[in-house]
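Colleague: A structural model of the following input is requested.
(one chain, ligands or ions: 1)
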Amino acid sequence: MGNSFSYYFPYFENELYCEKISLKKIAEEIGTPFYVYSKNAILNKINQYKKAFQSYPTLICYAVKSNSNLSILEIFRENGLGIDIVSGGELYRGLKAGFDPKKIVYAGVGKTDRELADAVKADILSFNVESLMELDVIDQIAGSLGKKANISIRINPDVDPKTHPYISTGLRESKFGIDMEDAIKAYEIAIKKKNLNVVGIHCHIGSQIMDVSPYREAVEKTVELVFRLKKIGIELKHIDIGGGLGIKYRPDDRPPEPEDLAQAVIPLVKEIGLKLLVEPGRSLIGEAGALISQVIFLKDKGKKHFIIIDSGMNDLLRPAVYNAYHHILPVIKSGKKVVADIVGPICETGDFFAVDREIDDLQRGDYLAVMSAGAYGFSMSSNYNTRPRAAEVLVDGNEYFVIRERESYDYIIEPEIKALQKTSGEVK
Ligand code: LLP
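Modeller: Numbering: from 1, shown residues only. Below is the predicted model of the structure:
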């Protein structure tokens, strides 16, 4: 298969496949746009993570926010992973997908009372607590339910992950976690709470991290804190180092492998002997997915050549929000190149996939693949411009399965129809 952007998206005779299925065939059968995920690419990443951490007691908790489709969650559950969640909705999905609550960790700076109560009732492995006020509220809610809640403090190690500012979370000025100086005090408060079990420590420094040295720095600081806690009699069970490992977006990107992460952190964590938790999202699913779209129109304006496609920023928000680069491949190679802006149909200048990109000379009706879109693609999509969200497809060898149908117009307006029926009693 080699010599292409992605091993799991090979070209056979100039036609792009996902594993052993032609993407053109899927597009003709189900229409565009759709997200396609390679099951074997996901399994391969899971195995890389498992192998990398096998020498040390580790729980891998998949970050649900990166792609929360139930069929995708099922793959992670079947392979023994836990999940990292950030909302009541993700808890609901996780439990529906059959995850053991003892493998669920819950982070986020703004958990509501209802979300907290649901997670306390479910008896999750750990709340990753981000403020003193949250500690108080969890204690009260657990007390009122006659339960004890397991908590870790999310510390902010003040480390620069050298990534996009919107996805850096471990710097002092960010809203996340509790500063190192205040962490001991937070633990002292936590252990006095009647309805809390203090079980761990958590940090997450950012996302799309392309070098493991910031992890080393963050884990060193965290381990040092664990030693200080031990000295004052506070014993923990686990250390959770968050997610964030980068993936390949550009053809020459060389992201660190799970093995590099493991080698950087295991020797440090070994010193304190606590169980290790990691929370990867993007690195498990990102490269396994692509967004397949069709060219609607071509347009030349001044010096610019525009390729207008049937996906928009509502389907993939990353270029608009982070100015993110996604590699784009023609589904059928023509060999002839042009320089073009590849844009969506939405009424916003930010609705672009690529600017001044050299690409095959695509024509009306041709298909293209926006690569590395498995993470934060569908999960950040919306109905902006009343566009139905894309279908999702899982490929396994030479078979494919629609794991989420394309939304219909009726589905989108249904809650409003219900409201109309209530107010006026009739709908056309
Ligand atoms: N753990 C916590 C506490 C997190 O906040 C995140 C991601 C993860 C784990 C997983 O990080 P990952 O391994 O996926 O990098 N929408 C952005 C990414 C936002 C990441 C937010 N937190 C993007 O499209 O790049």
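Colleague: and Met210, how far from the ligand?
Modeller: 11 Å (C-beta to the nearest ligand atom, to the nearest Å). All C-beta spots, glycine's among them, are computed from the backbone N, C-alpha and C.
Colleague: what sits against the closest residue to that residue other than its chain neighbours?
Modeller: Once flanking residues are discounted, Met210 sits nearest to Gly246: 4.3 Å by C-beta to C-beta, 6 or more residues apart in numbering. The neighbourhood of Gly246, defined by C-beta atoms under 8 Å, 6 or more residues apart in numbering, consists of 163, 207-210, 253, 255-256, 282-283.
Colleague: same thing but 7 Å
Modeller: 208-210, 255-256 (C-beta atoms under 7 Å, 6 or more residues apart in numbering).
Colleague: out of the residues you listed, which are buried?
Modeller: 208-210, 255-256 (16 or more other C-beta atoms under 10 Å).
Colleague: quick check: residues of the stretch 101-250 of the chain near the ligand?
Modeller: By C-beta under 6 Å from any ligand atom, the residues of the stretch 101-250 of the chain that approach the ligand are 107, 167, 204, 207-208, 242-245.
Colleague: among those, which are located in helices?
Modeller: Judged by DSSP state H, helices contain none of those.
Colleague: mind picking the two most distant members of these?
Modeller: Largest separation among these by C-beta to C-beta: Ala107 and Gln208, giving 17.7 Å.
Colleague: pull the residues that contact the helix or strand where Arg216 lies.
Modeller: With elements taken from DSSP states H and E, the one containing Arg216 is helix 213-231. Identification of contacts with helix 213-231 by C-beta under 7 Å, 6+ apart yields 155, 157, 159-162, 170, 180, 183-184, 187, 201, 203, 205, 236, 239, 241, 261, 264-265, 268-269, 271-272, 274.
Colleague: what is the subsequent helix or strand relative to that helix?
Modeller: Later in the chain than helix 213-231, the nearest helix or strand by DSSP H and E is strand 238-240.
Colleague: apart from its neighbours in sequence, what residue is nearest the spatially most central residue of the chain?
Modeller: Central residue of the chain (C-alpha atoms, centre = their mean): Ser66, 1.7 Å from the mean position. Among residues not flanking Ser66 along the chain, Gly281 sits closest, at 3.1 Å (C-beta to C-beta, 6+ apart).
Colleague: got it, and Leu284?
Modeller: Lys45 (4.9 Å).
Colleague: before we move on, back to that, is it possible to get CSV of the residues of the stretch 101-250 of the chain next to the ligand that adds pLDDT and distance to Cys347?
Modeller: Listed next are these as CSV, based on pLDDT from 0 to 100; distance: C-beta to C-beta, whole Å:
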residue, pLDDT, distance to Cys347
Ala107, 97, 35
Ile167, 69, 27
His204, 95, 36
Ser207, 96, 29
Gln208, 97, 29
Gly242, 98, 37
Gly243, 98, 34
Gly244, 97, 34
Leu245, 98, 36
